[in-house]
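Trainee: Could you work out the structure for the sequence below:
(2 chains)
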Number of protein chains: 2
Amino acid sequence: MKVSIQGNLASYSHIAADQVFGSEIDLLQRGSFREVFEDLKSGLADVTVVPIENSTYGSIYQNYDNITNYSVSLVGEVYVKVNFHLIGHKGKLLKDITDIYVHPVARGQIKPFELAHPEIKFHEHEDTAGSVKMVAENNMITSAGCASKMAAKVYNLEILEDNIHENPKNYTRFYVISRPEDEGEIKRIVNNEDNGYKTTFQFTLGSEAGSLYKTLRAFADRDLSLTKIESRPVIGTDWEYRFYVDVAAGMADEALNNALKELSSYVEKLKILGSYVKGEYVNS
Amino acid sequence: MKVSIQGNLASYSHIAADQVFGSEIDLLQRGSFREVFEDLKSGLADVTVVPIENSTYGSIYQNYDNITNYSVSLVGEVYVKVNFHLIGHKGKLLKDITDIYVHPVARGQIKPFELAHPEIKFHEHEDTAGSVKMVAENNMITSAGCASKMAAKVYNLEILEDNIHENPKNYTRFYVISRPEDEGEIKRIVNNEDNGYKTTFQFTLGSEAGSLYKTLRAFADRDLSLTKIESRPVIGTDWEYRFYVDVAAGMADEALNNALKELSSYVEKLKILGSYVKGEYVNS
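Mentor: Prediction:
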């Protein structure tokens, strides 16, 4: 299984991929989401695992655009709890540490830890797992990085202090994405536990957000629960939006089929992006 | 009138501020939106003009977060049509130009122009109006920048070729924002023409997006037109969202008052962010 992700070994995308497919995968590590979707298109990858929203920072809009612009099927989802741990060399203690390397966003989340340790120098580093890699490979024995538990394992270091982050409810949701023609095959591998289904679809409305009401009514009238609604502007139009909706039901659900049929009579460019088993939560 | 913007002279924010307040203002040019909101808080500025959404790239999420996190009133709006013009030294023609400096995003929008001119070298420059400033101040006579008409005027250069961009429908919408206590005074200056009113409010819902339906119904039942709905995650919660809604009605409208009253019985943290005259469109 060739899996393309944006990020390095032990990144949160890697943790998501590991949760879904296990460790026996060929991991393609890319610098941008565009390259990840190109891997899927060209056949270099069988599947991709990309973040779609974070509970603190919001949606990853590039990936909403990517799932529209590339021909893809959503075949699964997974939630990663974003934890930050202080990671240094084996045998070291927090009191031995003089320098900490941390991603600017992570730094924001470990602010109380930084304030409690004025004796340590904090440096910003562009890559979360990469900060641990640097400390390991350069044998920086009084330095520490700040990343996931997997980063300590991958780079053979040790967790000096766990869960040093402030916000205990920081989750990133990932979509597992295949080419449409491989959908059935990949789903058989991804969906090992039946937690109930979700379906994601997109459509466009005119420039009046008011008509969204009619759309939602088609689902509310049938007791179908919408778990996420996102909108993105349609390029080249006057404030026309494309909507992305997640509904807690599978395509075998008759009510969902009826709601989508009703919807198709007054929205434009309705497209089912995928129907997949609800994701599990995994720690990091 | 002290107006704080993110950007430089002749930036699209400056064009928006100029449209609303005229050229007789003290312009504070800042590097970040945070600094702009701090200017308002500290009293360094009387008012700010910040982008809230672009018809091609979507919402400016930092500013949705800023209008919640700072104590502000929305007192106006303005739409700037984002045009790109090729700007060089007076008397020069397009055939004299060997080098063009352009912002990466603008470069994407002038792609056909670039492809049609393989004889010219294109360089990326981090600041749209700044590319014109550089060409002017360094007397780079065979170079050109790519920016608004105002940039040509401000830096005393000439438009060599106008409207070289590809997407003819690229608009940025700006909010005019004051401190709540200055709302009345600033509105008297901003709202010179009565185009009808808009009102913007925010509220939070539980984690079920389904209940958004009930919210929209309160407006649909009263024929109130919603022109924009945006959602942002509430930090520290499990997928709870804060919604931002623009409705095409003023606070003097009885139907709007009734809808908001109904809403307040089942949403949380309902807050009116402002009620203002609908914005004009201005070219750039």
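Trainee: near chain B, which residues of chain A show up?
Mentor: A:53-58, A:61, A:167-169, A:171, A:208-210, A:212-214, A:216-217, A:219-220, A:224-233, A:235-239, A:246 (Cβ under 8 Å from any Cβ of the partner chain). Using the backbone N, CA and C atoms, a C-beta is placed for each residue, glycine as well.
Trainee: show me where pLDDT drops low in the stretch 151-284 of chain A?
Mentor: For the stretch 151-284 of chain A, applying pLDDT under 70 flags the ranges A:191-193, A:207-210.
Trainee: got the residue ranges for the strands in it?
Mentor: A:158-161, A:171-178, A:197-204, A:226-233, A:241-247, A:268-277, A:281-282 (DSSP state E, counting those that start in this stretch).
Trainee: Excluding covalently adjacent residues, which one is nearest to residue A:219?
Mentor: residue A:259 (5.2 Å; Cβ to Cβ, 6 or more residues apart in numbering or on different chains).
Trainee: cool, residue A:143 as well?
Mentor: residue A:99 (4.4 Å).
Trainee: domain ranges for chain A?
Mentor: Under automatic domain parsing, the residue ranges defining each domain of chain A are A:2-81+A:171-282, A:85-161.
Trainee: Bridged to the closest residue to residue A:161 other than its chain neighbours, which residues?
Mentor: Once flanking residues are discounted, residue A:161 sits nearest to residue A:86: 4.3 Å by Cβ to Cβ, 6+ apart. With DSSP bridges as the criterion, residue A:86 is bridged to residue A:146, residue A:161.
Trainee: Tell me how far residue A:86 lies from residue A:110.
Mentor: As judged by Cβ to Cβ, to the nearest Å, residue A:86 and residue A:110 stand 8 Å apart.
Trainee: Tally up the residues packed near residue A:272, please.
Mentor: If you count neighbours by other Cβ atoms under 10 Å in any protein chain shown, residue A:272 ends up with 14.
Trainee: okay, which residue is most central for chain A?
Mentor: The centroid of chain A falls nearest to residue A:51 when counting by Cα atoms, centre = their mean (2.1 Å).
Trainee: Mutual contacts of residue A:86 and residue A:110, please.
Mentor: Common neighbours of residue A:86 and residue A:110, counting by Cβ atoms under 8 Å, 6 or more residues apart in numbering or on different chains, are A:146, A:164.
Trainee: thought the residue nearest to residue A:161 was touching residue A:94?
Mentor: Yes - between residue A:86 and residue A:94 there is a contact under Cβ atoms under 8 Å: 7.0 Å.
Trainee: Give me the more crowded residue out of these two.
Mentor: residue A:86 (25 against 13).
Trainee: possible to save the strands of the stretch 151-284 of chain A as JSON lines with distance to residue B:77?
Mentor: Below are these laid out as JSON lines (distance: least, Cβ to Cβ, whole Å):
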{"stretch": "strand A:158-161", "distance to residue B:77": "48"}
{"stretch": "strand A:171-178", "distance to residue B:77": "33"}
{"stretch": "strand A:197-204", "distance to residue B:77": "24"}
{"stretch": "strand A:226-233", "distance to residue B:77": "17"}
{"stretch": "strand A:241-247", "distance to residue B:77": "18"}
{"stretch": "strand A:268-277", "distance to residue B:77": "27"}
{"stretch": "strand A:281-282", "distance to residue B:77": "41"}
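Trainee: winner for burial among those strands?
Mentor: strand A:171-178 (a mean of 25; mean count of other Cβ atoms under 10 Å in any protein chain shown).
Trainee: For that one, which helices and strands make contact with it?
Mentor: helix A:12-21, strand A:47-54, helix A:61-69, strand A:73-81, helix A:183-190, strand A:268-277 (3 or more Cβ pairs under 8 Å, 6 or more residues apart in numbering or on different chains; DSSP states H and E).
Trainee: what angle separates the fifth one from strand A:171-178?
Mentor: Taking axes from the mean of the first three to the mean of the last three Cα atoms, to 10 degrees, helix A:183-190 and strand A:171-178 form an angle of 140 degrees between their directions.
Trainee: Remind me what helix A:183-190 packs against, helices and strands.
Mentor: Using 3+ Cβ pairs under 8 Å, 6+ apart, helix A:183-190 sits against helix A:12-21, strand A:73-81, strand A:171-178, strand A:268-277.
Trainee: So which residues make contact with the second one?
Mentor: Right, strand A:73-81. With Cβ under 8 Å, 6+ apart, strand A:73-81 has contacts from A:12, A:15-16, A:19-20, A:47, A:49, A:52, A:67, A:170-180, A:182-183, A:186-187, A:190-191, A:198, A:200, A:273-284.
Trainee: quick one, what contacts the residue lying closest to residue A:200 once chain neighbours are set aside?
Mentor: Counting by Cβ to Cβ, 6+ apart, residue A:200 lies nearest to residue A:273, which is 4.5 Å off, once chain neighbours are set aside. By Cβ under 8 Å, 6+ apart, the residues touching residue A:273 are A:67, A:72, A:73, A:74, A:200, A:201, A:202, A:244.
Trainee: Compute the distance between residue A:273 and chain B, please.
Mentor: For residue A:273, the distance to chain B equals 17 Å [Cβ to the nearest Cβ, to the nearest Å].
Trainee: again, but for residue A:126
Mentor: 18 Å.
Trainee: and that residue, how many neighbours does it have?
Mentor: 9.
Trainee: wait, is it part of a strand?
Mentor: No - Residue A:126 is assigned coil when assessed by DSSP: H, G, I helix; E, B strand; the rest coil, not a strand.
Trainee: correct me, but it touches residue A:105?
Mentor: No - here residue A:126 lies out of contact with residue A:105, judged by Cβ under 8 Å, at a distance of 10.5 Å.
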